[in-house]
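K.L.:
Build me a model from this:
(chains A, B, C and D)
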Protein chains: 4
Amino acid sequence: MLANMNASEPSAPEPTPEEDAALRRLYADFDTENLLPLWTQLGDLMPMHPKPSARAHVWSWKTLYPLAQRAGDLVPVGRGGERRAIALANPGLGGRPFATPTLWAAIQYLGPQETAPEHRHTQNAFRFVVEGEGVWTVVDGDPVAMRRGDFLLTPGWHFHSHHNTTDRPMAWIDGLDIPFAHYTDSTFFEFGADEVTDRSTPSASRSERLWAYPGLRPLSALGSLPNSPIAAYRWEHTDRALDEQLALEDEGHAVTVEPGHAAVRYTNPTTGGDVMPTIRAEFHRLRAGAETTTRREVGSSVFQVFSGEGALVLDGVEHRMAQGDLAVVPSWTALKIQAESRFDLFRFSDTPIFDGLHQARVTVGEDTE
Amino acid sequence: MLANMNASEPSAPEPTPEEDAALRRLYADFDTENLLPLWTQLGDLMPMHPKPSARAHVWSWKTLYPLAQRAGDLVPVGRGGERRAIALANPGLGGRPFATPTLWAAIQYLGPQETAPEHRHTQNAFRFVVEGEGVWTVVDGDPVAMRRGDFLLTPGWHFHSHHNTTDRPMAWIDGLDIPFAHYTDSTFFEFGADEVTDRSTPSASRSERLWAYPGLRPLSALGSLPNSPIAAYRWEHTDRALDEQLALEDEGHAVTVEPGHAAVRYTNPTTGGDVMPTIRAEFHRLRAGAETTTRREVGSSVFQVFSGEGALVLDGVEHRMAQGDLAVVPSWTALKIQAESRFDLFRFSDTPIFDGLHQARVTVGEDTE
Amino acid sequence: MLANMNASEPSAPEPTPEEDAALRRLYADFDTENLLPLWTQLGDLMPMHPKPSARAHVWSWKTLYPLAQRAGDLVPVGRGGERRAIALANPGLGGRPFATPTLWAAIQYLGPQETAPEHRHTQNAFRFVVEGEGVWTVVDGDPVAMRRGDFLLTPGWHFHSHHNTTDRPMAWIDGLDIPFAHYTDSTFFEFGADEVTDRSTPSASRSERLWAYPGLRPLSALGSLPNSPIAAYRWEHTDRALDEQLALEDEGHAVTVEPGHAAVRYTNPTTGGDVMPTIRAEFHRLRAGAETTTRREVGSSVFQVFSGEGALVLDGVEHRMAQGDLAVVPSWTALKIQAESRFDLFRFSDTPIFDGLHQARVTVGEDTE
Amino acid sequence: MLANMNASEPSAPEPTPEEDAALRRLYADFDTENLLPLWTQLGDLMPMHPKPSARAHVWSWKTLYPLAQRAGDLVPVGRGGERRAIALANPGLGGRPFATPTLWAAIQYLGPQETAPEHRHTQNAFRFVVEGEGVWTVVDGDPVAMRRGDFLLTPGWHFHSHHNTTDRPMAWIDGLDIPFAHYTDSTFFEFGADEVTDRSTPSASRSERLWAYPGLRPLSALGSLPNSPIAAYRWEHTDRALDEQLALEDEGHAVTVEPGHAAVRYTNPTTGGDVMPTIRAEFHRLRAGAETTTRREVGSSVFQVFSGEGALVLDGVEHRMAQGDLAVVPSWTALKIQAESRFDLFRFSDTPIFDGLHQARVTVGEDTE
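P.N.:
Numbering: from 1, shown residues only, chains lettered A, B, ... in the order given. The predicted structure follows:
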């Protein structure tokens, strides 16, 4: 009885050389038989609280955009590669194109008059537009205009293509659950039409004309849908909802998350829950000078600054951010947002995964250390 | 063994006078002991399909409104009577103020500068405005403007008062689940402030400023709420949603209920379901000349014509209707709507009660007998 | 402006004779037009808390059973009358065969070798057996033995017949939602086979062989079912569950409802919720000398004493009860149970209706007045 | 415009040396900035259907058990290492102790009179016993006996310890969601008492005495619980449920999964769903000579043979298995089970993760490719 599970227990007797050899033989036999003991792995596998490999990190839009432009010059978009998307590769995740263990975030760039061909996949996807316009995403045949501030959905297994109708390039960010689907071996993919199926360029998609009303739904489509049927959440609504929250706060009503911090969640109007089963999306607006209470939560998220200037303080380290900059917040990282000017941030996260599995946890307050 | 359960079974032997007397004694003893046999009640209690006591009936707005005006001249509004509301009393329901066994529908009339005092009750209530404006309903302290075409909620146990800020009278319809709550003995009531708690007259309520956006909800109020938090569903959205359905139909998309028949359901954005647990509300628009497929459903409903002219055909009987007219459709009544002009109808029903209890049934088609 | 909504407001001026006449004309015109004002009805329709018409009442098994026997001698069972069931007619409900506004409770009696023919209806039904055995209920072709202490389901739209295989009569109680379905006009009925479809007399039904295991379900039937698939909840399990609760209480564990009061709810194993959408069923066991905390709840219920002696105190009035006795507890009635001996009670109620509609309310404690 | 996304597109012109150099510089700059292009990763990240790294593999109990015994001789159980558990390390998963990307499966071995100390963690865990008895698992203070055929739960964040009360060793398998929790950074851990908190050795746990009845639940614990409250699913019930399915099949009723193949799912009686949010557990029994239809499903699973002999055919490769042997079935692997003798198999899987996220997919039939 000699090998000690617990190195930190000083009273355990030292193994004899014979015991040591027997243990080495045992471990070698484990290895041969594709076995591994818990006791040598426990600290890594079952820490006291999440110890993510992913690191807090910021990507600057000023760096990202020119690299995307260079890709635009050198790499054509087409069938096979499918998209000119350049993914954030978290420096803690071993050189994989994963922003976090579960989330993909990329800048996608489409040159003048270019088309990204149609396909579909079980991964859930969205676009968020921090600048520019002129591209239409065609989702299951429905052309959806992309404009600054818009949040656009292409839920799992919906065919989609993108085409730029202008003579200027356009770039935006893509968010998907690619790493999660990859890791859990749940991914299906299918090519669609090589040509854009509907080249019309309406200002509002059919999806919006049918669904984008407060509290109204068509009688022809009842019941709960797994994904939101709203293809585009337009900036004018998001902006107004945030403005009104701050105005109501000024009038004395407790409708903000905390003083000076307005926020909306994008939701599926057929359930009231998240827009897609694996991805939560929100928009936050802080008044100039406001800062949030420090907060940790299970699950990872990505922020993009939409306008203004400020900082994300992540586990005590301040990261200053400006328009277009992207930050990754790994699971259980202490997060505080500080606004210098009025500070508008888009955020997406993998929290719905944890909500459904009863694994969500949040702590709020300075004692989050 | 002689009394026969089944009068229609001719082969059963006639009871002897002794048997007959014994049976009469038994029934008398049942009566003394507060008992009743099933076999004498079965046809009434358990018919092959619903045989409502409530009757299909139409109330004309041209008759209703002047009566409400006369009540306005003769009967003051105040604490005790609470509301100048005049209820539809279904001619089949024995002189009770019940539109159907479960639903209350009334015209409420408020004279110039009048106030209906604050109270709350567990009954769910809404208002629908077929004409006029100038009254504000104050719901838990939030003033909500009432205008033509608006659908307004005062869900159960929310304090509410109404006050007319103008020098013209205003009338609208109230819908509630009073008969259902009364019948099931589930009703609570409480008086509120005698004075209107907030006399401001904003164009949009705080509820709308916080909640009335397509697919957006405030981060400060998550989870499922039993009632919709939207105090007013404005006509401009309803109208546009219906127009777009018909336009999309013209463009070749199957988004209407059936050809020429657009419809929206008012929903709770935190669940995607009905606005209140006991009441469903919808708005239907038929193109001139369109008619619906005949349809029966379990549960009762009330229609009010918002504009246009047409008819409701109820169990084969045509009822012509014009603006403001109200019709009651009892459970399992065969319903067809016919539009002469463009025909706009507001509808509410008790269907959520049956949905939740797995008692909902619908048949669609000419074979609905 | 002269008629006064509120009789209790003494400061209002007396109407002149002319005003009085005008008001009488108005009310007459309301009547002609099938209208009724709220202000004359409010106290009845919207009381401060439920004021049921149904009354607390007790029926004695010693009276019931001989009356059922006499019916057995005089009234044959057969097609048309369908069942020899004698219903509790609440003395407050105007001579209708309704135990409460929503619930039906009856004693059903089947003589030696008699058969009650097959039918089905949308009303949900159960049987509870306080004494005797020898009848099989055949539910959608599955013969289910009935024995003392068993609780048996025939959910809505399941065909069912009963047949007595012995030379002794048997009686039990039937519980259904007949009044609720009747009131809401949601009832459908269909005759089945005139003969029993399976005359075998197995000790356990196929339903039990497939479903009646703790926490196990067949892979061939997944998903949520609206009704429990367990046709019979056997006394041996109910009895043991209650015994164990009291034994665990003796061992120091807080698993009873309150000291000396064990209780189980019969549930649908595919949801964890009530056995049928409209009916809750429970079994309560009090130690000798125990009494429950006074409690009011929205919704009505019926108790049957299974064994022992004690009392139900209803709105302060003590009703002593012995084996087989049935008591009705109207909505919002203050209820306390007192046990002289060990006191076993079966209970059913309409609470699921209110739970689903967010109308459930309970108060617990002496201050329930 | 020169680098080609799509190697398979032959018509694209060859890049010039300058273009090639520019592309190399671009990729190097991507690397510096923690970026990776989609187009070089697509085939791996978004295949047409799941291409798991995990491999189908079988571990023989005859090999496992002696290795566990040797660990019993050499490695004491104690605080720090916590458990003498030896995990299946899937040969495709890079030497990590993961049976599949989401599931942990290990043999745990406890020598005579040994104790594994108390702790808790957010990972969900169960035990399944293929042989032996004499260990009690103490779950939140409740001692649970472990016997052959039993399935025992220690859901997330429940304290638990194990102690062997006999003079013989005992081994069983542990199943957890460790890899999933590790990957998603959602894990919390806490040490408990060093000594067993209750050394009593009851035959049935308090959990079972309170909860393990068909369709009955205590009134003191209502509502939906995230995990099953049944600590032990006993072999006698599982065995009988499977026997009855096959007997009912013999009597002509379609209650089995397919001819000769009976199966039960272990469920949470408060929801009817899976026992724990991340883990599904089932027991399958095949008649001698039976074989299942080939089936693929999203998500991975582990089988352990409980008794009998047969084979798992995985993507066309036959793996013969005997009592105690464990097999891993990666996502989307074609699975057919063949029984030589009566063949009893315990199975657990990660399917609830996919169900909740609308990512579940199944194909059944020979055409599963």
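K.L.:
Correct me if wrong: A:Met146 contacts A:Val138.
P.N.:
No. Counting by Cβ atoms under 8 Å, A:Met146 stays clear of A:Val138, with 11.1 Å between them. In this view, the C-beta of every residue, glycine as well, is placed from N, C-alpha and C.
K.L.:
what helix or strand is A:Pro47 on?
P.N.:
Assigned by DSSP states H and E, A:Pro47 falls within no helix or strand.
K.L.:
Next, count neighbours for it.
P.N.:
15 (other Cβ atoms under 10 Å in any protein chain shown).
K.L.:
Next, the contact list for A:Ala360, please.
P.N.:
Residues near A:Ala360 by Cβ atoms under 8 Å, 6 or more residues apart in numbering or on different chains: A:297-299, A:351, A:354.
K.L.:
can you pick the most crowded of those residues?
P.N.:
A:Gly299 (28 neighbours).
K.L.:
Same drill for A:Met146 and A:Val138, tell me which one is more crowded.
P.N.:
A:Val138 (25 against 21).
K.L.:
tell me the SS of the closest residue to A:Leu153 other than its chain neighbours?
P.N.:
Nearest non-adjacent residue to A:Leu153, counting by Cβ to Cβ, 6 or more residues apart in numbering or on different chains: A:Phe126, 5.2 Å away. For A:Phe126, the assignment made with DSSP: H, G, I helix; E, B strand; the rest coil gives strand.
K.L.:
which intervals of chain A have sub-threshold pLDDT?
P.N.:
Chain A contains residues with pLDDT under 70 at A:1-13, A:366-369.
K.L.:
So which residues of it form helices?
P.N.:
Under the criterion DSSP state H, chain A contains helices at A:17-32, A:42-45, A:61-74, A:178-183, A:206-211, A:235-250, A:351-356.
K.L.:
OK, contacts around A:Gly141?
P.N.:
A:159, A:197-198.
K.L.:
so which of the helices of chain A is the most packed in?
P.N.:
Mean neighbours per residue, mean count of other Cβ atoms under 10 Å in any protein chain shown, is largest over the helices of chain A for helix A:178-183, with a mean of 25.
K.L.:
helices or strands next to it in the packing?
P.N.:
Identification of packing neighbours for helix A:178-183 by 3 or more Cβ pairs under 8 Å, 6 or more residues apart in numbering or on different chains; DSSP states H and E yields helix D:42-45.
K.L.:
Let me know whether the helix it packs on sits next to chain A.
P.N.:
Yes. Helix D:42-45 lies within reach of chain A by Cβ under 8 Å from any Cβ of the partner chain, at D:42, D:44-45.
K.L.:
Dump the helices of chain A to CSV, plus distance to C:Asp274.
P.N.:
Listed next are the helices of chain A as CSV, based on distance: least, Cβ to Cβ, whole Å:
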stretch, distance to C:Asp274
helix A:17-32, 52
helix A:42-45, 42
helix A:61-74, 56
helix A:178-183, 37
helix A:206-211, 35
helix A:235-250, 40
helix A:351-356, 25
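K.L.:
Between its first and last residues, what's the separation in stretch A:221-240?
P.N.:
This stretch, stretch A:221-240, spans 28 Å end to end (Cα to Cα, to the nearest Å).
K.L.:
swap that for stretch A:115-133, please
P.N.:
14 Å.
K.L.:
The residue of the stretch 151-300 of chain A found nearest chain C: what's it in contact with?
P.N.:
Residue of the stretch 151-300 of chain A nearest chain C, by Cβ to the nearest Cβ: A:Ser224 (13.6 Å). Neighbouring residues of A:Ser224 by Cβ under 8 Å, 6+ apart: A:270-271, B:272.
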